[in-house]
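[1] Just to be clear, the model below is a prediction. Sequence and coordinates:
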Amino acid sequence: MSKKLDIYRVKEGDKVSLSKLNTTDDALFDGDKDEATTKLDEIRDDIAELQGRLYAEGKQRLLVVLQAMDTAGKDSTIRDVFKETNPNGVHVVAFGRPSSEELAHDYLWRVHQHAPIKGGIQIFNRSHYEDVLVVRVSELVPDKQWKRRYGHIRAWEQMLIDEGTTIVKFFLNISKDEQKERLQERLDVREKNWKFETGDIAVRARWDDYMEAYEDAMSQTSTEQAPWHIIPSDKRWYRKLAVAEIVRETLRDLDPQFPPPEVGLDQIVLD
Ligand code: ADP
């Protein structure tokens, strides 16, 4: 990964303090929105090209985890970063409230079934991290139970890595003020009303508790091989650009190659 992109990476062992991090930034790109759009187009084309190779190669797997407070832009990041890719090889799964069947199993059961396949990119829109976030803040299990989960998650992710998966995790970091504006928009704009959920207000009311839960989760589970990136997300286009750059760089590091042609292909004559 290029040095430049490291600025948002949580190094293994770092203690994350979200109050010290900016939710707006221009470190990766200080142009305007129009220039950013052009740049994003280029990056998207590269991502599509690399994803095509990954799929053709059929050996490596990529898992992209997205977590954020409501309105931070998980859905639109997925849309905008992976827009040009081939849906045959890119899969998205959203993890909402667990069903009764899911709750009857251990918390990783529903997640593991969606781990990426060879040649595939799997995107988690929310993830197993909810089991140390909402589950912690809403006190859905006793403290000692969620506290043990950091260790499970590290071990589970390490197992995926050992078996050939690359993992990259993003926290889209918005400010509480920005969230207020976006929620207000959902109330005011008819086309956005459908996105408003009254339950989001209760989550917002626990903002500080969520920040603490995120800080602990990222401090405990950002590893060299499965790093968290904290993306300043108050500016939508900057957030997209930053995530896209890191995804492109991750794919470049994988360096997927088209498989060698079958022996004798050059001898074949079609009639
Ligand atoms: P989003 O808000 O991401 O657009 P939804 O409106 O479907 O998607 O919300 C998903 C909800 O499911 C969130 O409130 C989230 O906290 C909740 N959720 C996800 N995973 C769990 C879990 N393991 N336990 C309890 N609630 C969960």
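    That came in fine, so what should we check first?
[2] How many neighbouring residues does residue 247 have?
    Each residue near residue 247 was counted by other CB atoms under 10 Å, and the total is 26. All C-beta spots, glycine's among them, are computed from the backbone N, C-alpha and C.
[3] ditto for residue 141
    Summarising burial for residue 141: neighbours were counted as other CB under 10 Å, giving 16.
[4] Please apply the same query to residue 9.
    18.
[5] Give the other helices and strands that the helix or strand in which residue 46 is found contacts.
    Here residue 46 is covered by helix 33-57, with elements defined by DSSP states H and E. Using 3 or more CB pairs under 8 Å, 6 or more residues apart in numbering; DSSP states H and E, the elements in contact with helix 33-57 are helix 74-82, helix 236-254.
[6] Thought residue 214 was touching residue 132, still the case?
    No. Between residue 132 and residue 214 there is no contact under CB atoms under 8 Å: 9.3 Å.
[7] sec struct for residue 230, please.
    Three-state call for residue 230 (DSSP: H, G, I helix; E, B strand; the rest coil): strand.
[8] and it, how many neighbours does it have?
    Neighbour count of residue 230, defined by other CB under 10 Å: 24.
[9] so how far is the ligand from residue 65?
    13 Å (CB to the nearest ligand atom, to the nearest Å).
[10] Read off the pLDDT value for that residue.
    Among the per-residue scores, residue 65 holds a pLDDT of 98.
[11] by contact count, what packs against the helix or strand encompassing it?
    Residue 65 belongs to strand 61-68 when assigned by DSSP H and E. Using 3+ CB pairs under 8 Å, 6+ apart as the contact criterion, the neighbours of strand 61-68 among helices and strands are helix 74-82, strand 121-125, strand 165-173, helix 236-254.
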